[in-house]
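Asks: below: sequence and its predicted model.
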Amino acid sequence: ILSLLGYGYTVSDKILNLKNENIGIYGINGIFTFILISYFSTQFIAHTKIFNSIILILGIFFFLIFLKKIFTNKKDLVLFTLLIIVSLIFILVGKNHDDFSYYHFPYSMIISEFSHPLGLGVINNGFRNPSSIFFLSSLFYLPKIEYYLFHISSAYFLGFSNIIFIKNIFNKNIFNKNKFINYLSLISFLFINIFFYRLAEYGTDRSPQILIIIVILLVLIITNYNYSNKRNIINDVFLVFILLSLSASIKPIYLLYSPLVLILLFSKNIKELFKDIIISKTFIYCLFFNILFLFYKIINSG
């Protein structure tokens, strides 16, 4: 968790200039960066214990650099601590998904032992459209722990998404102008924690469903909220791009939600900022991610 936040803050603040007050968003950006690292590196090197340890230690180092900024107030520290406790309970009380032994675990294990082979779809039907969760899980192959953390990727999605919803629920600025966003965030928070609480149900479906709920919330915020400066609205649009890219990479069927972006074109602010969005580093960052995501579909099944 610390490593994911470290990468999230480093890439968002220092490289892409996607500053935000929500720790959960930085966590999701950290997951996005982890998967991008996995996509790019697996072609050249196996995700061995040594390689993964270096990646995780670097993330913790980045986290320590941003430590004061991450916990600017005690409420964020309490919320983060609760995230860790709830995530641990979530992991310990459930069994793996039914498909875990069929293709989730084998795929992650293969790219932990070898640089990514060509034509894996011939071996197993589940390998033909590999989920980005498998690439994320392969980075958790660590000394002593071995492969016993391969199943916890879903816990990160749930945990960081919960923080996003909680921060939205108690956001006074939104409440004063568009309080239906606060209520919708509360309903979404209750929904995912009542219906998506079992780890055994988290195959490659539940995590993108949670992300799509956040996308819908963001689209409503962008089209209804009066922003004080253009940088904030650009950041939220980019977050929609990141979440949709991440959802589609977990399971391609969630590309069906990409037309949600078209709704943003009804916003006058977006029309004025269209050029700034298209030529930005974040747009190229998302484009590169999607090219790699499609690349693995092609080399696995043609």
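Replies: Perfect, I can see it now.

Asks: in space, what's closest to residue 252 - neighbours in sequence excluded?
Replies: Excluding its sequence neighbours, the residue lying closest to residue 252 (Cβ to Cβ, 6 or more residues apart in numbering) is residue 129, at 5.9 Å. (Glycine included, C-beta is placed from N, CA and C.)

Asks: which residues are in contact with that neighbour?
Replies: Residue 129 is in contact with 251-252, 297, 300-301, counting by Cβ atoms under 8 Å, 6 or more residues apart in numbering.

Asks: residue 210 now?
Replies: 157-158, 161, 192, 196.

Asks: now do residue 60
Replies: 2-3, 6.

Asks: and it, how close does it get to residue 25?
Replies: Applying Cβ to Cβ, to the nearest Å, the value for residue 60 to residue 25 is 20 Å.

Asks: again, but for residue 236
Replies: To residue 25, residue 236 is 10 Å away according to Cβ to Cβ.

Asks: highest neighbour count among the contacts of residue 60?
Replies: residue 6 (26 neighbours; other Cβ atoms under 10 Å).

Asks: and that one, what pLDDT?
Replies: Per-residue confidence for residue 6 comes out at a pLDDT of 92.

Asks: which ones are touching it?
Replies: Counted by Cβ under 8 Å, 6+ apart, residue 6 has contacts 30, 58-66.

Asks: any chance of CSV for the contacts of residue 210, columns pLDDT?
Replies: Supplementary listing: those in CSV, determined by pLDDT from 0 to 100:
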residue, pLDDT
157, 91
158, 88
161, 92
192, 90
196, 80
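
Asks: quick one: which of the residues you listed is nearest to residue 224?
Replies: residue 161 (21.0 Å; Cβ to Cβ).

Asks: how about that closest one, secondary structure?
Replies: Secondary structure, DSSP: H, G, I helix; E, B strand; the rest coil: residue 161 is helix.

Asks: tally of neighbours for it?
Replies: The burial count assigned to residue 161 is 25, neighbours taken as other Cβ under 10 Å.

Asks: ok, now how distant is the nearest residue to it once chain neighbours are set aside from residue 284?
Replies: Once flanking residues are discounted, residue 161 sits nearest to residue 210: 4.8 Å by Cβ to Cβ, 6+ apart. Separation of residue 210 from residue 284 (Cβ to Cβ): 26 Å.
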